[in-house]
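> give me coordinates for this.
(chains A and B)
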Amino acid sequence: MRRFLRDNSLSIVFLLLFLAALFGQAIAGHADFNNNAQSHGDPTMSLGRYVLSSEFGSAVMENWQSEYLQFTLFILLTVWLLQRGSPESKRLDEAGRESDQAQKVGPHAHQNSPRWAKVAGIRRTLYENSLVLVMGTFWLGTWLAQSITGAAQYNAEQLDHHQDPLSWSHYITSASFWENTLENWQSEFLAVGSMAILAVYLRQRGSPESKPVGAPHGATGLEG
Amino acid sequence: MTHCVGPRAASLACLLALALAGCGTADREDDAGAVAERFHAALEDADGPAACDELNEETASKLETQAKKPCADAILSLELPRAGTVADTRVYVTSAFTTLVEGGSDFLDEGPDGWSVSAAGCVPTAPSQPYECELEN
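As a prediction, the model looks like this:
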């Protein structure tokens, strides 16, 4: 058990942090919703009802979609794009999808390679791109969920002001939807870009996200 | 970089979000529509107390203040549709909007005791502008 925890500590700690933060968001979001409702003379709701509402769903989904977009783009763009000196980049002569030999697929697969890496055809194509496919699907799914829950939340405010609700198709072309989307995207792009460039010059001893402390700034594709 | 959310958890939560926003509103639409129909049926019967029972507390209070008489009397003096049949109801979070076959719309709020009418006898004025209501909070 202790060994399992040690071997999986990164996933476990982030899962616990995620659950704690989501719980905290639910508590704080519920209090904020009811404070606003009371100040406008609107009805309040229970915590259980709040976490099942579009209000909470929209707040959660708009952050999730931007995180999945970030990872989808990062995985995909780092196939071709490089950053000299960054541990987030491949070596400068490795841009592209690389050879079958370098990727250990087909006849170059090892005995312990995943089964779909050894075969040819659609299964290998799927497996070669499975990370982007799954992360991209999560991004589109959560973005769709954001649009649906966001439309409900937006329309609740419309009704509060005795105005017509919008259809989903009108909502996704509205300024409100794109503001909620882009305010999350810009922060993700900034974070990834900062990481790619700061890791050229700065170090964190022992972290695989950093180059070794003594590695030269120009060394690309090294992990500490 | 580390993924903060497990794929299985993400897909479950995504489905949940879709379900929350889209599904499960049919019953609530029926409930809100029924309140609007009871409200207009009470007006048709000239039953002021029954009509006021379906009103949002804030709306009833504002009506009494403006009319300077009890809600049950004041409500019957307004030019509100009688015997409204609900043609369409839409529910968003704790707000609902009903359109009547006879014309006009009502707005409703959902509180701990269920739905109540917050504005009635509403008609659109111009695109993107608030409705004009005979009764509102």
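
> and B:R38, how far from chain A?
From B:R38 over to chain A the distance is 19 Å, taken as Cβ to the nearest Cβ, to the nearest Å. Yep, even glycine has a C-beta here, placed from its N, CA and C like the rest.

> tell me the spacing between the closest residue to B:G48 other than its chain neighbours and A:L222.
Spatial nearest neighbour of B:G48, excluding adjacent residues (Cβ to Cβ, 6 or more residues apart in numbering or on different chains): B:A72 at 3.3 Å. From B:A72 across to A:L222, the span is 81 Å (Cβ to Cβ, to the nearest Å).

> what's the answer for B:L55, then?
71 Å.

> who has more neighbours out of those two?
B:L55 (23 against 15; other Cβ atoms under 10 Å in any protein chain shown).

> just give the nearest non-adjacent residue to that one, would you?
That would be B:V117: by Cβ to Cβ, 6+ apart, it lies 5.3 Å from B:L55.

> my read is that the one you found contacts B:G111, right?
No: taking contacts as Cβ atoms under 8 Å, B:V117 lies outside contact range of B:G111: 11.8 Å.

> looking at those two now, which is surrounded by more residues?
Taking other Cβ under 10 Å, B:V117 and B:G111 do not tie; B:V117 has more neighbours (28 against 15).

> wait, a strand at A:N112?
No: looking at A:N112 with DSSP: H, G, I helix; E, B strand; the rest coil, it is coil, so not inside a strand.

> quick revisit: isn't there a strand covering the residue nearest to B:L55?
Yes: B:V117 sits within a strand when classified using three-state DSSP.

> so who does it touch?
B:35-36, B:39, B:54-56, B:59, B:106-108, B:135 (Cβ atoms under 8 Å, 6 or more residues apart in numbering or on different chains).

> any idea how far it is from chain A?
12 Å.

> could you report the pLDDT at that residue?
If you check B:V117, the pLDDT there is 96.

> for it, give its distance to A:S210.
Going from B:V117 to A:S210 by Cβ to Cβ gives 62 Å.

> likewise A:P114?
Relative to A:S210, A:P114 is positioned 28 Å away (Cβ to Cβ).

> what bits of chain B have low per-residue confidence?
Scanning chain B for pLDDT under 70 picks out B:1-24.

> what ranges do the strands span in it?
Counting by DSSP state E, chain B has strands at residues B:86-92, B:95-100, B:105-111, B:114-123, B:132-136.

> elements contacting the first one?
In other words, strand B:86-92. Identification of packing neighbours for strand B:86-92 by 3 or more Cβ pairs under 8 Å, 6 or more residues apart in numbering or on different chains; DSSP states H and E yields helix A:130-160, helix B:26-44, strand B:95-100.

> could you check the angle strand B:95-100 makes with the second one?
The one in question is helix B:26-44. Counting by axes from the mean of the first three to the mean of the last three Cα atoms, to 10 degrees, helix B:26-44 points 50 degrees away from the direction of strand B:95-100.

> and helix B:26-44 with strand B:105-111, angle?
Using the same axes, to 10 degrees: helix B:26-44 against strand B:105-111 is 120 degrees.

> the shortest one now?
Angle of strand B:95-100 versus strand B:105-111, following the same axes, to 10 degrees, is 150 degrees.

> quick one on the thing from earlier: and the residue nearest to B:L55, how far from A:I148?
Distance, B:V117 to A:I148, by Cβ to Cβ: 27 Å.

> ok, now A:Y201?
The value you get for A:Y201 to A:I148, if Cβ to Cβ is used, is 43 Å.

> just want to know which of the two has more residues nearby.
Legend: neighbour count by other Cβ under 10 Å for A:Y201 and A:I148, higher for A:I148 (23 against 10).

> go ahead and confirm that one touches A:W168.
Yes: A:I148 sits in contact with A:W168 when judged by Cβ under 8 Å, with a separation of 6.7 Å.

> so what's the closest residue to A:A109 other than its chain neighbours up against?
Leaving aside its sequence neighbours, A:A109 sits nearest to A:K118 (Cβ to Cβ, 6+ apart; 4.2 Å). Contacts for A:K118 (Cβ under 8 Å, 6+ apart) come out as A:105-106, A:109.
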